[in-house]
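Enquirer: kindly generate the corresponding structure for this input.
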Amino acid sequence: MFSSSANAQTRALVNLTFADGKTAMVSVKLSITGKLNETLNNQDLFLDVISGTGEAYLIAKSHVVKVEIVDPPQPKLNQQRRSADRTQFNPWAVLGIESSVAKEDLRHAYLSLVKTYHPDKFANYELPQEMKDYAAAMLARINLAYEQVS
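Expert: Got it, this is the predicted structure:
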């Protein structure tokens, strides 16, 4: 899980693509301005990052060829609990499984969650729009998590 001590203003959740084609989803410490582009373009040679497992390390900027901001959808319910999602998005936790599970179990967990949160499941019920929005945001998070781990 990404460091819980980091706040949303000082870190950004990004997918880094390296020259060798490998990718990593990490939380990058931002410069004092809090802007990612300034952090990437300043004179520092390394990025201060935290991995999804909480490991802190430095990555040479010269090895990074692409940076994509990860912006997990924010369900409107439970705002306090979800306020740090941008720095703590953990695809394994979203899917409710360990990182060491077999592919069949990964797919089973994904499909089970899709069945639970798919907005079509709630189409025939008169529910508040907030609940429908929440289900749609959760489905987007589930799809993002599955895409990142599969």
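Enquirer: which residues in the protein form helices?
Expert: 36-41, 79-82, 85-88, 91-95, 103-117, 129-149 (DSSP state H).
Enquirer: where among the ones you listed is average confidence lowest?
Expert: When these are compared on mean pLDDT, helix 79-82 scores lowest, with a mean of 48.
Enquirer: looking at the helices of the chain, which is nearest to L13?
Expert: Ranking the helices of the chain by proximity to L13 (Cβ to Cβ) places helix 85-88 first, at 5.1 Å. The C-beta positions use only the backbone N, C-alpha and C, and glycine is treated the same way.
Enquirer: tell me the centre residue of the protein?
Expert: A centroid search over the chain (Cα atoms, centre = their mean) returns F89, at 3.6 Å, as the residue closest to the centre.
Enquirer: state the distance from that residue to V70.
Expert: Noted for F89: a distance of 6 Å to V70, by Cβ to Cβ, to the nearest Å.
Enquirer: which residue, other than its chain neighbours, is closest to T17?
Expert: Spatial nearest neighbour of T17, excluding adjacent residues (Cβ to Cβ, 6 or more residues apart in numbering): K66 at 3.8 Å.
Enquirer: in TSV: the helices of the chain, plus mean neighbour count and distance to N15.
Expert: Formatted as TSV, the helices of the chain follow (neighbours: other Cβ atoms under 10 Å; distance: least, Cβ to Cβ, whole Å):
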stretch	mean neighbour count	distance to N15
helix 36-41	15	12
helix 79-82	10	20
helix 85-88	21	13
helix 91-95	20	11
helix 103-117	14	19
helix 129-149	17	8
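Enquirer: could I get those as TSV with distance to Y57?
Expert: Output for the helices of the chain, formatted as TSV (distance: least, Cβ to Cβ, whole Å):
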stretch	distance to Y57
helix 36-41	16
helix 79-82	27
helix 85-88	16
helix 91-95	20
helix 103-117	26
helix 129-149	19
